[in-house]
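*Asks:* sequence? don't have it. structure:
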Ligand SMILES: NC(=O)N[C@@H](CC(=O)O)C(=O)O
Ligand SMILES: [Zn+2]
């Protein structure tokens, strides 16, 4: 046996917690036994982790992250991003291609994989661009990118503006059994606007980003997905209108899935305290009405999964102010505690639902072998202390990014140990 985790509180099929002992061999879960497990004497070659009754879940999965390497190493590297993910309890992450150069060639996909392997922390799955340079003009070589290991196609960071281009991409992706993942944004409606339309924009004299700039693409692409049969996945959904369209499309059997970020479930534009770019992200914080629609959609399954959209930027870049600073906030190290504190500790959601939307559901949507805690599954596991309470302090982040609107928030449910392929890659006690 390679690793034994005893005293693990594990969710059973009925969503109840049960004490288990998890045995790991060759990077795979070998068996899960009832009970806390004997106080095993330490044998030289077996590592024993005593979870002390803490929650143990399948490793968290994050299907929308920005690792910035190559090209923007001052914001993050694959190594610092992987460490930040591990600290947040994530064992599998899927990284976006908006690096410099853009991940639009087999060579770049391989580079990301090599750097991730060197870091040796979490599983990093690369997305590749839909169009060369994410410029929206010419499709990339989908076959070569798939062959190199890309798991899907996306121009995240920008929307594909041309409908014919998107349709061609979907046709090609369908023929290869690959998903198209879309950042939904119509450029003509958002130019020069740093925040959503609403009270905050009016008060500070900013042009507002309207809801329909997202929903127009969602509606267009649902029709294109219907025509082409592609698996169409909507990035970081944030509006009532997009949700309405996705719900209707699902009802009539169109192959559409979607994701949401913690901040779009917790914050609205009314919460923005002032013109501070740590509150600037894309999509922007919307109205309370949108937040309520997002929560309800996650609860009824219209929204399939939770992602962080971890988007680190340097302090200098974020200090440029609301208009000039880039969009994006970090997400790995606060995601689980935020959602646990806000929705589970308050009794609105079951623990089971939160864990499912961050493990089994992303695995189902993207066909991954991860996401379950059972014999034969990869030994990717997260230990979480549901009782531990502390405040968010960006200075302690493993990420290079400090750009979060959640500084000082007192949260419960902090990951304490992260295991990938049977290897302890992060522990608060290390
Ligand atoms: N979400 C953001 O606000 N920013 C992302 C791009 C993106 O995901 O659209 C980034 O790369 O910084
Ligand atoms: Zn995006």
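*Replies:* Nice, I can see it. Just so you know, these numbers come straight off a predicted model, no measurement behind them. Ligands and ions are numbered 1, 2, ... in the order given.

*Asks:* buried stuff in whichever helix or strand residue 362 is part of?
*Replies:* Assigned by DSSP states H and E, residue 362 belongs to helix 360-366. Using 16 or more other Cβ atoms under 10 Å as the test for burial, helix 360-366 gives 360-363, 365-366. C-beta coordinates here come from the backbone N, C-alpha and C atoms, glycine included.

*Asks:* which stretches of the stretch 251-400 of the chain form strands?
*Replies:* 256-260, 305-306, 381-391 (DSSP state E, counting those that start in this stretch).

*Asks:* how about residue 234, nearest residue that isn't a chain neighbour?
*Replies:* Using Cβ to Cβ, 6 or more residues apart in numbering and skipping the chain neighbours, the partner closest in space to residue 234 is residue 258 (4.1 Å).

*Asks:* distance of that neighbour relative to residue 150?
*Replies:* Using Cβ to Cβ, to the nearest Å, we find residue 258 at a distance of 20 Å from residue 150.

*Asks:* residue contacts, residue 260?
*Replies:* Counting by Cβ atoms under 8 Å, 6 or more residues apart in numbering, residue 260 makes contact with 236-238, 294, 297-298, 303, 305-307.

*Asks:* same question for residue 385.
*Replies:* Residue 385 sits in contact with 54-55, 413-416, where contact means Cβ under 8 Å, 6+ apart.

*Asks:* so of the residues you listed, which ones are in strands?
*Replies:* 55, 413-416 (DSSP state E).

*Asks:* gap between residue 425 and residue 51?
*Replies:* 16 Å.

*Asks:* then residue 257?
*Replies:* 32 Å.

*Asks:* give me the more crowded residue out of these two.
*Replies:* Just comparing residue 257 and residue 51: by other Cβ atoms under 10 Å the higher neighbour count belongs to residue 51, 25 against 22.

*Asks:* in the helix or strand of the chain at the bottom of the mean pLDDT ranking, what counts as buried?
*Replies:* Sorted by mean pLDDT, DSSP states H and E, the helices and strands of the chain end with strand 47-50, the least confident at a mean of 94. Within strand 47-50, the residues that qualify as buried are 47-49, counting by 16+ other Cβ under 10 Å.

*Asks:* so how far is the helix holding residue 362 from its chain's centroid?
*Replies:* 12 Å (Cα atoms, centre = their mean, to the nearest Å).

*Asks:* from the contacts of residue 260, which single one is nearest ligand 2?
*Replies:* The nearest member of the contacts of residue 260 to ligand 2, counting by Cβ to the ion, is residue 236 at 5.6 Å.

*Asks:* contacts only, for that closest one.
*Replies:* Taking Cβ under 8 Å, 6+ apart as the definition, contacts of residue 236 comprise 64, 183, 259-261, 264, 282-283, 307, 309.

*Asks:* with residue 371 instead?
*Replies:* Here residue 371 is in contact with 58, 61, 359-364, 377 (Cβ under 8 Å, 6+ apart).

*Asks:* can you redo the residues you listed as JSON lines with pLDDT?
*Replies:* Shown next, in JSON lines, are the contacts of residue 371 (pLDDT from 0 to 100):
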{"residue": "58", "pLDDT": "98"}
{"residue": "61", "pLDDT": "99"}
{"residue": "359", "pLDDT": "98"}
{"residue": "360", "pLDDT": "98"}
{"residue": "361", "pLDDT": "98"}
{"residue": "362", "pLDDT": "99"}
{"residue": "363", "pLDDT": "98"}
{"residue": "364", "pLDDT": "98"}
{"residue": "377", "pLDDT": "98"}
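
*Asks:* those residues: which two are farthest apart?
*Replies:* Based on Cβ to Cβ, the longest span within those runs between 361 and 377 and measures 15.2 Å.

*Asks:* run a quick neighbour tally on the nearest residue to residue 213 once chain neighbours are set aside.
*Replies:* What sits nearest to residue 213 in space, not counting adjacent residues and going by Cβ to Cβ, 6+ apart, is residue 189, at 3.8 Å. Using other Cβ under 10 Å, residue 189 has 14 neighbouring residues.

*Asks:* ok, residue 189 - contacts?
*Replies:* For residue 189, the contact set (Cβ under 8 Å, 6+ apart) comprises 209-210, 212-213, 216.

*Asks:* make it 10 Å
*Replies:* By Cβ atoms under 10 Å, 6 or more residues apart in numbering, the residues touching residue 189 are 209-214, 216.

*Asks:* one more: residue 230?
*Replies:* Contacts of residue 230 (Cβ under 10 Å, 6+ apart): 153, 166-167, 169-175, 177-180, 221, 224, 254-256.

*Asks:* please identify the nearest residue in space to it, excluding sequence neighbours.
*Replies:* Per Cβ to Cβ, 6+ apart, closest to residue 230 is residue 170, 4.0 Å.

*Asks:* that neighbour falls within a strand, correct?
*Replies:* No: counting by DSSP: H, G, I helix; E, B strand; the rest coil, residue 170 is located in no strand; its state is helix.

*Asks:* so what's the residue count around it?
*Replies:* Residue 170, neighbours per other Cβ under 10 Å, totals 26.

*Asks:* could you spell out which stretches of this protein belong to which domain?
*Replies:* Following automatic domain parsing, one finds the domains of the chain at 3-56+378-388+410-427, 59-366.

*Asks:* contact residues of the stretch 51-200 of the chain facing ligand 1?
*Replies:* 66, 98, 156-157, 183 (Cβ under 6 Å from any ligand atom).

*Asks:* can I get the residues you listed in TSV including secondary structure, pLDDT and neighbour count?
*Replies:* Output for these, formatted as TSV (DSSP: H, G, I helix; E, B strand; the rest coil; pLDDT from 0 to 100; neighbours: other Cβ atoms under 10 Å):
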residue	secondary structure	pLDDT	neighbour count
66	coil	99	26
98	coil	98	21
156	coil	98	22
157	coil	98	21
183	coil	98	24
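
*Asks:* these two touch, right, residue 291 and residue 240?
*Replies:* Yes: between residue 291 and residue 240 there is a contact at 9.3 Å, judged by Cβ atoms under 10 Å.

*Asks:* give me the more crowded residue out of those two.
*Replies:* residue 291 (22 against 18).

*Asks:* on that earlier part again, show me the contacts of residue 236 that map onto helices.
*Replies:* residue 264 (DSSP state H).

*Asks:* weed out the non-buried ones from the contacts of residue 236.
*Replies:* 64, 183, 259-261, 264, 282-283, 307, 309.

*Asks:* closest one of the residues you listed to ligand 1?
*Replies:* residue 282 (3.7 Å; Cβ to the nearest ligand atom).
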